[in-house]
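*Asks:* Next comes the sequence, and after it the predicted model I'd like to discuss.
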Amino acid sequence: RNNRWGTIHNQQIMTALATTEFRNQPFSFSEILIASNTSNERDTQKPVKILASDGVELSIKVYEPSSTPPSATTRTSLLFYHGGGAYSGGGYQYLAKGLSEHYGITVFLPDIRGHGASGGARGDAPSKEQVWRDIDTALDFAKKRQDYEDNKASKIYLGGHSSGGGLVVNYATEKNNTKTDIMLDGYVLVSPELGYMSETARPDRKDFAKVNVFAFIANGIFGVLGHNKAVQYAYPEELLKVDKGLVAFNTVNMANAITPEHPKEQLESMMTAKAFSKPVGLWVGGDDELFVAEKVADFVHTATTADNQNSIGKVLPGENHLGILVQIHEQIGPWITAQN
């Protein structure tokens, strides 16, 4: 029954994606769809429910390896966040399955509150800080699942794709955040959306999101528009109707949680600050429709020093913004394994 529903669901999505409106979208979904239709195994992973600090129910999928190599001295996991308006089932299962099946890495795929199967007002949050506290909750959950099982120490990496990468950058550099030093062993950023201050946007890109600048300015001055719709995502109506996990907008609070304000300084501090510096692995497609790939990778290159040589910023030729997710485990897996 699950396989039959998966087939029907995919057919509905394919119909939505065949529209002229969709073909004119800012980036390609074709690689994700091809992988979905050629895969012999549907993603039927059931989500686990955990409670946020404010009582909202958060959804998280867990992909565990069938076995851990006997030679492994640690149990390694990756907590990985989806992009803006998306959710854990939007192509991220390929990354999770690849890392768990081929590299023995447990992958946790959460749905940000208000997205996918997680609770909370759609596309909204009580505050940007609450979104970051949700990461605390997810990390605690991952730590308990992994910690010192079979007398092996655990290592946890935190990562994200697109705006999920921006969320990770904000969380990692939040003032007085002690978990980054105590719990984390590194960061994984895939095609990260580093915000308008990063100046990485392609000059010819078609914007996927329309921003209500007034809402941000007014909220910054008066602090009363945090729940107003501020970022409208250009998902076709046909797609939103058949895929209820997607979110058409983010409010000011949510957008502030996932958008770095000082990306250069923030990434530098992630890799060089003595208090909590960790290695950063960053990958971006050479054909990314949204960013100038070399500019994104340079955020890591310019901050790399003799003390953090394990950090990497790499451009992958021929990969685009979403298609990169299908095979990215072949880059992330060896990099994480080398850290252990």
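*Replies:* Received it, and whenever you're ready, just let me know what you need.
*Asks:* any idea where the helices of the protein begin and end?
*Replies:* Remark: helices assigned in the chain by DSSP state H are 2-17, 20-23, 30-38, 92-103, 128-146, 163-172, 179-182, 213-222, 237-242, 252-258, 263-272, 293-301, 324-327, 329-339.
*Asks:* closest one to residue 285 among those helices?
*Replies:* helix 324-327 (4.6 Å; C-beta to C-beta). In short, each C-beta sits where N, CA and C put it, glycine included.
*Asks:* Now that closest one - C-alpha only, CSV.
*Replies:* Taking Å, rounded to 0.1, in the frame of the first residue of the first chain, the C-alpha atoms of helix 324-327 are listed here in CSV:
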residue,chain,number,x,y,z
ILE,A,324,23.6,18.0,-6.0
LEU,A,325,21.7,16.2,-3.3
VAL,A,326,21.5,12.9,-5.2
GLN,A,327,25.2,12.1,-5.1
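*Asks:* elements contacting that helix?
*Replies:* Judged by 3 or more C-beta pairs under 8 Å, 6 or more residues apart in numbering; DSSP states H and E, helix 324-327 is in contact with helix 30-38, helix 92-103, strand 280-285.
*Asks:* quick revisit: quick one: closest of the helices of the chain to residue 116.
*Replies:* Closest of the helices of the chain to residue 116 is helix 92-103, at 10.3 Å (criterion: C-beta to C-beta).
*Asks:* what angle sits between the closest one and helix 329-339?
*Replies:* Angle of helix 92-103 versus helix 329-339, following axes from the mean of the first three to the mean of the last three C-alpha atoms, to 10 degrees, is 50 degrees.
*Asks:* what pLDDT does residue 20 get?
*Replies:* Here the pLDDT value assigned to residue 20 is 44.
*Asks:* Which of the helices and strands packed on helix 324-327 has the lowest mean pLDDT?
*Replies:* helix 30-38 has the lowest average pLDDT among the helices and strands packed on helix 324-327, namely a mean of 59.
*Asks:* Can you list the low-confidence ranges for the stretch 51-200 of the chain?
*Replies:* 68-73, 148-153 (pLDDT under 70).
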